[in-house]
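Participant: need the 3D shape of this:
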Amino acid sequence: MTTIEELIKEIKVLKPIPQIANQILTIVENPNSSITDIADIILYDPSTTANLLKICNSAYFGQSRGIDSVRDAISFLGIDHIIDLILLNGGAENLTKRQEGYGLHEGELWRQAVASALIAKDLAEKKGIGQKKHILFTAALLKDIGKVILDQFVSDSFEKISYEVENKGLSFREAEKKVIGIDHAELGGLVAKMWKFSPKMIFIISNHHLSNPKAHEDIETSIVYLADTICMMMGIGGGSDGLAYRFHKDVLDRLGINHYSLQEIIMRFGERMQKVEELIIAV
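Facilitator: Numbering: from 1, shown residues only. Reported below is the predicted structural model:
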């Protein structure tokens, strides 16, 4: 069994999400906030401004004229897209490395994170909770941050975990928990807590596999779970645990999604994958 103290040491090695990402999430959760509030935060953060302008002027956006100010960037892309880019930029560094224990090559965890974040945002709009889209985008983006820390422990215990999956019928996450003493979702929740995310964000990340009844009934957590599941169905970032993933069919009913609309979501997102790949390179 791995001790919490060992894991906390590993958490401290991670590069924290920039403070501006947390500030933006706080603002978008406030119904009385405005675009100006967000723009002002970006304007006074030189590092974010530089990264944002670099992305806006990349080949991904194909602009003929240069974007050289935050105001231009907001005018060109819209505040919604700007928020996504800032949140994406905050998660990129930690999620791009190879995760050997999970059978993920370099960049695969990041690709899955970006894809599930975009799907979660679309599902939020479809469910009529568009005001939650940035929170769900971020939760889906960072839901597997625990894998970054747990990877070496999973690698060291892979035979035991595989035995539990193959002989006891456990999902990979359940076997992870049994063998190591904690699973990547719980550990991700600890990371979110140390990074001072909101209680809601901590809850979603901790429970994105719907491992308890409360999470099962929570619409936002169910959306992030379904976004993750859709990525698995599409073969995006499945790795080792994608081969032993527990599917909760009732989530579709609760979100008002039938078999045909699920296929439509998968087909529509499949058509956007080239754009996702370009966005990953840009960020």
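
Participant: check the secondary structure at residue 58 for me.
Facilitator: The three-state label given to residue 58 by DSSP: H, G, I helix; E, B strand; the rest coil is coil.

Participant: gap between it and residue 85?
Facilitator: Taking CB to CB, to the nearest Å as the measure, residue 58 falls 11 Å from residue 85. For the C-beta atoms, the positions are set from N, CA and C on the backbone; glycine is no exception.

Participant: swap in residue 203?
Facilitator: As judged by CB to CB, residue 203 and residue 85 stand 26 Å apart.

Participant: for the longest helix anywhere in the chain, packing partners?
Facilitator: In the chain, assigned by DSSP state H, the helix with the most residues is helix 259-282. Applying 3 or more CB pairs under 8 Å, 6 or more residues apart in numbering; DSSP states H and E, we find helix 259-282 packed against helix 108-127, helix 219-233.

Participant: buried stuff in the longest one?
Facilitator: Spelled out, it's helix 108-127. 108-124, 127 (16 or more other CB atoms under 10 Å).

Participant: okay, which residue is most central for this structure?
Facilitator: Geometric centre of the chain, nearest residue: residue 141, 1.4 Å, by CA atoms, centre = their mean.

Participant: contacts only, for the nearest residue to that one once chain neighbours are set aside.
Facilitator: Closest residue to residue 141 in three dimensions, ignoring its sequence neighbours and counting by CB to CB, 6 or more residues apart in numbering: residue 117, at 4.0 Å. Taking CB atoms under 8 Å, 6 or more residues apart in numbering, we find residue 117 in contact with 84, 87-88, 137-138, 140-141, 227.

Participant: okay if I get those residues as a markdown table plus distance to residue 161?
Facilitator: As requested, those are arranged in a markdown table below (distance: CB to CB, whole Å):
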| residue | distance to residue 161 |
| --- | --- |
| 84 | 34 |
| 87 | 31 |
| 88 | 30 |
| 137 | 30 |
| 138 | 28 |
| 140 | 24 |
| 141 | 25 |
| 227 | 24 |
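
Participant: residues contacting residue 190?
Facilitator: 4, 7-8, 11, 146.

Participant: one more: residue 162?
Facilitator: With contact set as CB under 8 Å, 6+ apart, residue 162 has these partners: residue 175.

Participant: tell me the pLDDT at it?
Facilitator: Reported pLDDT at residue 162 in the predicted model: 93.

Participant: next: residue 283.
Facilitator: For residue 283, the model assigns a pLDDT of 64.

Participant: tell me the most packed of the contacts of residue 190, by neighbour count.
Facilitator: Neighbour counts for the contacts of residue 190 (other CB atoms under 10 Å) peak at residue 146, which has 26 neighbours.
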